[in-house]
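**Student:** Need coordinates for the below:
(2 chains)
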Amino acid sequence: DTAVSQTPKYLVTQMGNDKSIKCEQNLGHDTMYWYKQDSKKFLKIMFSYNNKELIINETVPNRFSPKSPDKAHLNLHINSLELGDSAVYFCASSQYSLETQYFGPGTRLLVL
Amino acid sequence: GQQVMQIPQYQHVQEGEDFTTYCNSSTTLSNIQWYKQRPGGHPVFLIQLVKSGEVKKQKRLTFQFGEAKKNSSLHITATQTTDVGTYFCAGLGGSQGNLIFGKGTKLSVKP
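**Tutor:** As a prediction, the model looks like this:
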């Protein structure tokens, strides 16, 4: 069983479209995260949720909106996609915010 | 804001040579974590160091946490082709207490 899963794995779309990425963890963790990894491999946190509540919201355009329907799921919706949004988006989870993070396989987003 | 700097950015070694990556923080860290990301893969947790001066070993990998808890290193003895990937350190910090990742060291190993 995959501990942290993301769908889709690949996403190719046109500029201006709206898209969503889904994440689910079956580890029973309380905290979930979204990271963006650019072409230079820099990993930058975007959001963190603890028990469905937003606890970290780094400087991210408001076109990005996370939603956590329950503590096992954290989805990411992106409006009006731009070329610069092309990256790999990783979902991760941890038991507490300071603990080991378990990453999903990533969603490779390409905006044309 | 807090920064976690990692050097070198790239390292190319011959199989069997040793490899070290260094991580430095602008502030004291409560802990430091190390992750490995294989090409095309996702970051995978390797280890966490908490105590000042702590040294931990995993087979050919040796992890150190500095006495001042502001720096850390990962040393691989006798590299193998399976060691290829990007190694990230991550320290607790940030404006909201999140993990700050270093920019990673990409290791390539020539057989």
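
**Student:** Report the buried residues of stretch A:43-55.
**Tutor:** Neighbour-count burial for stretch A:43-55 flags A:43, A:45-50 (criterion: 16 or more other Cβ atoms under 10 Å in any protein chain shown). Backbone N, C-alpha and C define where each C-beta goes, glycine included.

**Student:** Neighbours of residue 77, how many?
**Tutor:** Picked chain A for this. For A:His77, the neighbour count with other Cβ atoms under 10 Å in any protein chain shown is 14.

**Student:** That was the other one, I meant chain B.
**Tutor:** 14.

**Student:** swap in B:Tyr22?
**Tutor:** Neighbour number of B:Tyr22 under other Cβ under 10 Å is 18.

**Student:** Run the chain-centre distance for the strand or helix carrying it.
**Tutor:** Per DSSP states H and E: B:Tyr22 is located in strand B:19-25. Relative to the centre of its chain, strand B:19-25 is centred 6 Å away, using Cα atoms, centre = their mean, to the nearest Å.

**Student:** neighbouring strands for it, and are they parallel or not?
**Tutor:** Neighbouring strands of strand B:19-25 in its sheet, by DSSP bridges, are strand B:4-7 (antiparallel), strand B:71-76 (antiparallel).

**Student:** Strand B:19-25 and the helix or strand following the last one, what's the angle between them?
**Tutor:** Put plainly, it is strand B:71-76. Downstream of strand B:71-76, the first helix or strand assigned by DSSP H and E is strand B:85-93. Put simply, strand B:85-93 runs at 20 degrees to strand B:19-25, going by axes from the mean of the first three to the mean of the last three Cα atoms, to 10 degrees.

**Student:** Residue 19: what's it in contact with?
**Tutor:** Picking chain A for this. A:Lys19 sits next to A:11, A:13, A:77-78, A:81, A:109 when contact means Cβ atoms under 8 Å, 6 or more residues apart in numbering or on different chains.

**Student:** meant chain B actually
**Tutor:** B:11, B:13, B:75-76, B:79, B:83, B:107.
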